[in-house]
Structure formats: structure tokens, C-alpha cells
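**Student:** Provide a 3D model corresponding to the input given below.
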Amino acid sequence: MSQLHVLHPHQRREHEELALIALRFTPYHEGPQLYTLLAVGGENERPLSADGSIVFFRRPEQAEAALKLDTSMSQLGPPPGDVESVCDIAESLYLVNSQDEDAHGTLLDCLLILDDLVRATRLHMPERFQGVLTELTARLTEGKQLKAIFTNTSLRSHVEDGLLWCAGAVMVKARIVD
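**Tutor:** Got it, this is the predicted structure:
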């Protein structure tokens with residue numbers, strides 16, 4: 001997935017700036033559980049990090065304090081006040097497991113954000129996951145529906161395993177600030 005870019009291609013920026021990203025992991029939680037900042041619009045889209053960990057925070061108003069932990073990103077200006085994109089892992093797993101449509105692009109958004117987050121972990125993604133998730137991202141970017149992509153349950157299972165691996169990799173390299 002490392003060759004993919006976060007967010008949507010039509011949202012490319014002329015210069016590097018910060019984007020507030022929300023993440024949701026569990027289906028029983030209403031709304032986002034964690035937030036981070038991404039540097040977007042440049043050649044190296046990356047999340048907020050400190051000491052080899054991705055920095056997350058629980059409320060958007062904590063963004064400014066969290067930004068102080070990453071000197072390279074703090075030079076990009078103040079954090080935005082509005083969430084630009086959501087990585088809803090819980091909803092993405094539901095879509096992969098049982099749905100034939102993703103009308104809101106939830107799965108594609110999740111895959112694109114996870115791409116940047118996993119690259120920031122510097123962990124090696126197993127090839128079997130990288131291949132299936134890269135292919136899925138390409139098909140979703142082309143506008144294919146889940147029904148046309150998931151022609152068998154085995155593929156759904158492989159994608160689910162890949163998403164869970166990504167979520168685990170991100171969390172083991174996470175630093176949650178309060």
C-alpha cells in the first residue's frame with residue numbers, strides 16, 4: 001500500500017499542511033475514539049509522531065498540545081479545527097464481512113489512512129496482506145462496488161485479516177496523550 005496516497009486525489013494540495021484525522025476502532029463506540037494529525041500535500045504524507053510512535057489524542061482540542069511533540073510537523077502551522085477524514089475500522093470490518101455496497105466510501109478512506117499510519121510504524125506488512133489490501137484499494141478507487149470485488153468469502157476473510165493486522169500494527173506503535 002505504500003505507493004498509495006492518503007485522502008482523495010482531487011483533494012491534493014499545492015503545499016504541505018495539516019489534516020485532522022479521526023479513528024474509530026470498536027463498533028459499540030459512538031463516534032471517533034482517537035485523533036491524530038497528518039501532514040498532507042507533500043511527497044511524504046505522515047502522521048504526527050514522537051520517539052518512533054504515532055501520536056494520538058482523545059479529543060480534537062488536544063491537537064495543539066500533541067503537535068508540540070513533533071517538531072517537523074509543528075512548523076506546518078496550527079492544527080485544523082475540523083476533521084478532514086475518518087478511519088472507521090469498525091465500520092470497515094462490518095462492510096468487508098457482510099455488505100455488498102459502501103455508499104459513503106468508508107472502506108476506501110480507512111485503507112488510505114491506514115496506508116500512511118502503517119508506513120509510519122516502520123513495521124513490515126506481510127506480503128499476503130499488502131497485496132490484497134493494495135488490490136482492494138485500487139478497485140475501490142476505480143469505483144468498483146464491494147459486490148463485484150468480493151466474489152468469494154475467502155477474499156473477505158483475507159481482507160479482514162489484513163485490516164486487523166494494520167490496526168494492530170498501528171496500536172503497538174501508538175502513543176496516546178491526554
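
**Student:** and the lowest-mean-pLDDT helix or strand in the chain, what's buried?
**Tutor:** Counting by mean pLDDT, DSSP states H and E, the chain has its least confident helix or strand at helix 71-74, which shows a mean of 92. For helix 71-74, the neighbour count (16 or more other Cβ atoms under 10 Å) marks Met73, Ser74 as buried. Using the backbone N, CA and C atoms, a C-beta is placed for each residue, glycine as well.

**Student:** then stretch 47-56?
**Tutor:** Under 16+ other Cβ under 10 Å, the buried positions of stretch 47-56 are Pro47, Leu48, Ser49, Ser53, Ile54, Val55, Phe56.

**Student:** and what of stretch 28-41?
**Tutor:** Pro32, Gln33, Leu34, Tyr35, Thr36, Leu37, Leu38, Ala39, Val40, Gly41.

**Student:** next: stretch 154-162.
**Tutor:** The neighbour-count check on stretch 154-162 (16+ other Cβ under 10 Å) flags Arg156, His158, Val159, Asp161, Gly162 as buried.

**Student:** got it, and stretch 134-148?
**Tutor:** For stretch 134-148, a neighbour-count test (16+ other Cβ under 10 Å) marks Thr134, Leu136, Thr137, Arg139, Leu140, Leu146 as buried.

**Student:** looking at those residues, which are in helices?
**Tutor:** Among the buried residues of stretch 134-148, the ones falling in helices (DSSP state H) are Thr134, Leu136, Thr137, Arg139, Leu140, Leu146.

**Student:** quick one: which of those residues is nearest Arg122?
**Tutor:** Closest to Arg122 out of those is Thr134 (18.2 Å), distances taken as Cβ to Cβ.

**Student:** quick one, phi psi at Thr36?
**Tutor:** Backbone geometry at Thr36, expressed as degrees, to the nearest 10, gives phi -150, psi 170.

**Student:** surely Leu18 touches Ala39?
**Tutor:** Yes. Leu18 lies in contact with Ala39 (Cβ atoms under 8 Å); the separation is 6.3 Å.

**Student:** thinking again about what came up before, helices or strands up against the very next helix or strand once past the least confident helix or strand of the chain?
**Tutor:** Remark: after helix 71-74, the chain's next helix or strand is strand 83-88, criterion DSSP states H and E. On a contact count with 3 or more Cβ pairs under 8 Å, 6 or more residues apart in numbering; DSSP states H and E, strand 83-88 meets strand 17-24, helix 106-121.
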